[in-house]
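In: sharing a model prediction with you, sequence too.
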Amino acid sequence: MLHKARSLGLRARVFEAGSGVGGTWYWNRYPGARCDVDSLEYSYQFDEALQQEWKWSERYAPQPEILRYAEHVAERFGLKGGIQFNTRVEKAAYDEAMGRWNVATSDGAQMSAQFLILATGCLSSAKLPEIEGRERFAGESYHTGRWPHHAVDFGGKRVGVIGTGSSAIQSIPLIAREAKSLTVFQRTPTYTVPARNRPLDPAYEARVKSDYAGFRARNSRMPNAFGSDFPRNEASALSVDAGNRRRAFEERWRHGGLPFMGTFGDLLLNGEANAAAAEFVRGKIQEIVRDPATAARLTPRQTIGCKRLCVDTDYYATFNRANVRLVDLRESPLEAITPAGVRSGGMEHAFDCLVFATGFDAMTGSLMAIDIRGRAGLALRDKWRDGPRSYLGLGSAGFPNLFIITGPGSPSVLTNMMVSIEQHVNWIAGCLDWMRSQRHSRIEASAQAENAWGRHVNEVADRTLFPTCNSWYLGANVPGKPRVFMPLLGFPPYVEKCNEVAARGYEGFALS
Ligand code: N01
């Protein structure tokens, strides 16, 4: 966004809480952190030379490599000077008379700007569990989303991990190899499919790079903005017999990664189709995990893909190790964190290290962390008390000249984030440029357009199985958070709608 704003001749300044660039890849440094979208897709496409010259080492890039990439981009385009690091935005208030946003930062500074763009991330507000005694634990404790910058040595230590989402699934196999013992506290068993990560095939890389623009265009037409090399099979899982269904699942299981959910077109639309995919994965768990009681505890019963599917390397097999134990919190509820460790089901588990892999206050957490005041002092926290309300996920009525990158109500977390981020950056930049050419100084989503958009986002979700489980897409992981499906399903129709809105002079926005 900074690069784009500068290219329009605008003056822009970025505030960043971290001491460096990278966002998610700056904060999430836990062992095993890597992307689960292919690296040739999980990258910027705005500059042909950049995408031609950068070399990824693996099919799925590890966190340090993605962080190096972010740093390279910042250097290459001279962006660092425009970013004020180690600074949190604490308050932003719109001054109607001046038509400007007044922004207060953690270093006590105040400044104003005509436009305010929130690029605060969907999964950046780390969430600790609401467990009594957390601060009393005497050993080392870490949250996966706030991992220290120094290496953490688990060698010879007794480690407890709380949570079994994507971050836990990636870190558990590596921590298990190092630690003396590892105890995993599981509240909901997770479906995870093998990553089949490997060094990037040079022939494949050359093929993609021979027509990168074409590759990008094909991916942007995919429902989740990635995966055109192995697209979703649109047929119903119920249109083939059990043997063919199994073979199809097996093929995608062997291929590895998120395309598993594209084995058939109706896995997230039809309960029976979904049950077939779920049963296939449950069968794999029974095959991989040797102890039947542990296998049973690891076996999920909910809709597959409803919580975000995890992608792993050796997750289930890790429970065959002698030094790894699973505690099922449904049998032994978590009672307290004690100075020595964790008490669950009346039993004390002693640890040297505790890892909280307990996720994020997703999509709204980092927006709500800022005291944002729109027209007439309206607080975003109040406006969104019953759930986020936005038009296109880009703007919100009552908050003129404020844009959100990958905000709730846009496809964001259901897509390749890099693609969604760039689509928003381009749209916002196009809007600013157009406003300048039309001599407009103010833009604000209309309440009517916003209400219609909110209904649309929900209607699309309600046609699927997504609302059937307690996922963070619904805010269900944060006690008291309103249950609203926040992202929009379907990238291509969303892009079409954004383009149409722009072509019609920013229809649904009031301009003056
Ligand atoms: O967080 P999560 P995450 N007591 O919310 C458990 C992206 N990501 O950091 O399911 C006990 O998924 C909670 O249990 P439950 C990706 O989009 C991507 O792992 O709520 N347990 C759950 O098991 C992902 O979806 C990548 O019952 C508690 C876990 O903690 C998103 O980030 C890698 C608890 C939290 O799982 C978030 O993933 C990593 C409590 N009080 C992350 N509170 C890749 O690209 C929570 N839990 C590969």
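Out: Noted; the coordinates are in hand.
In: quick check: which element contains Glu279?
Out: helix 271-288 (DSSP states H and E).
In: buried residues in that helix?
Out: Ala273, Asn274, Ala276, Ala277, Ala278, Phe280, Val281, Arg282, Lys284, Ile285, Ile288 (16 or more other C-beta atoms under 10 Å). C-beta coordinates here come from the backbone N, C-alpha and C atoms, glycine included.
In: ok, Glu12 - how many residues close by?
Out: One thing to correct before we go on: residue 12 is Ala, not Glu. Using other C-beta atoms under 10 Å, Ala12 has 16 neighbouring residues.
In: returning to that earlier point: so does the very next helix or strand once past the helix holding Glu279 get close to the ligand?
Out: With elements assigned by DSSP H and E, the helix or strand that comes after helix 271-288 is helix 292-298. No - judged by C-beta under 6 Å from any ligand atom, helix 292-298 stays clear of the ligand, getting no closer than 12.2 Å.
In: cool, stretch 48-64 as well?
Out: No - on the criterion C-beta under 6 Å from any ligand atom, stretch 48-64 is out of touch with the ligand, staying 7.7 Å away.
In: outside of that stretch, which residues touch it?
Out: 25, 28-29, 33-40, 42-45, 65, 69, 72-73, 76, 195-201, 205, 209, 212-213, 257, 311 (C-beta atoms under 8 Å, 6 or more residues apart in numbering).
In: quick check: end-to-end length of that stretch?
Out: 23 Å (C-alpha to C-alpha, to the nearest Å).
In: chain center to it: distance?
Out: 20 Å (C-alpha atoms, centre = their mean, to the nearest Å).
In: and what of stretch 175-188?
Out: 24 Å.
In: and what of stretch 98-117?
Out: For stretch 98-117, the distance to the chain centre is 27 Å (C-alpha atoms, centre = their mean).
In: now for Ile404: which residues touch it?
Out: With C-beta under 8 Å, 6+ apart, Ile404 has these contacts: Ile117, Leu118, Leu367, Ser390, Gly393, Leu394, Gly395, Ser396.
In: at 7 Å what do you get?
Out: Leu118, Ser390, Gly393, Leu394 (C-beta atoms under 7 Å, 6 or more residues apart in numbering).
In: ok, the top helix by length along the chain near the ligand or not?
Out: Secondary structure of the chain per DSSP state H: the longest helix is helix 417-437. No - Helix 417-437 is not in contact with the ligand by C-beta under 6 Å from any ligand atom; minimum separation 8.9 Å.
In: give the pairing partners of the helix or strand that that helix is followed by; include direction for each.
Out: Counting by DSSP H and E, the element after helix 417-437 in chain order, helix or strand, is strand 443-445. Strand 443-445 pairs in its sheet with strand 509-511 (antiparallel), by DSSP bridges.
In: now the strand it pairs with: buried residues?
Out: Applying 16+ other C-beta under 10 Å to strand 509-511 flags Phe509 as buried.
In: who's in contact with that strand?
Out: Gly395, His440, Arg442, Ile443, Glu444, Ala445, Ser446.
In: and this protein, which residues reach the ligand?
Out: Counting by C-beta under 6 Å from any ligand atom, the chain sits next to the ligand at 35-36, 123, 129-131, 144, 162-168, 170, 187-188, 308, 311, 329, 334, 357-360, 413, 472, 477.
In: quick one: which of those sit in helices?
Out: Ser166, Ser167, Ala168, Gln170.
In: any chance of CSV for these, columns pLDDT and neighbour count?
Out: Below are those laid out as CSV (pLDDT from 0 to 100; neighbours: other C-beta atoms under 10 Å):
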residue, pLDDT, neighbour count
Ser166, 98, 23
Ser167, 98, 26
Ala168, 98, 28
Gln170, 98, 27
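In: returning to what we had before: got a winner among the contacts of Ile404 for most neighbours?
Out: Going by other C-beta under 10 Å, Gly393 tops those with 27 neighbours.
In: please name the nearest non-neighbouring residue to it.
Out: Among residues not flanking Gly393 along the chain, Ser410 sits closest, at 2.7 Å (C-beta to C-beta, 6 or more residues apart in numbering).
In: is that neighbour bridged to anything, and to what?
Out: Pro408.
In: so what's it up against?
Out: Leu392, Gly393, Leu394, Ser420, His424, Leu488, Tyr494.
In: rerun at 8 Å
Out: Ser390, Leu392, Gly393, Leu394, Ser420, His424, Pro487, Leu488, Tyr494.
In: confirm the third one sits in a helix?
Out: No - assessed by DSSP: H, G, I helix; E, B strand; the rest coil, Gly393 does not belong to a helix; its assignment is coil.
In: tell me the contacts of it?
Out: Here Gly393 is in contact with Ile404, Thr406, Gly407, Pro408, Gly409, Ser410, Pro411, Ser412, Leu488 (criterion: C-beta under 8 Å, 6+ apart).
In: again, but for the fourth one
Out: For Leu394, the residues meeting the contact criterion (C-beta under 8 Å, 6+ apart) are Phe403, Ile404, Gly407, Ser410, His424, Trp427, Ile428, Ala445, Cys498.
In: can we see that at 7 Å?
Out: Contacts of Leu394 by C-beta under 7 Å, 6+ apart are Phe403, Ile404, Gly407, Ser410, His424, Trp427.
In: of these, just say which sits nearest to Met347.
Out: Proximity of the contacts of Leu394 to Met347 (C-beta to C-beta) peaks at Gly407, which lies at 43.5 Å.
In: so what's the closest one up against?
Out: Ser390, Gly393, Leu394.
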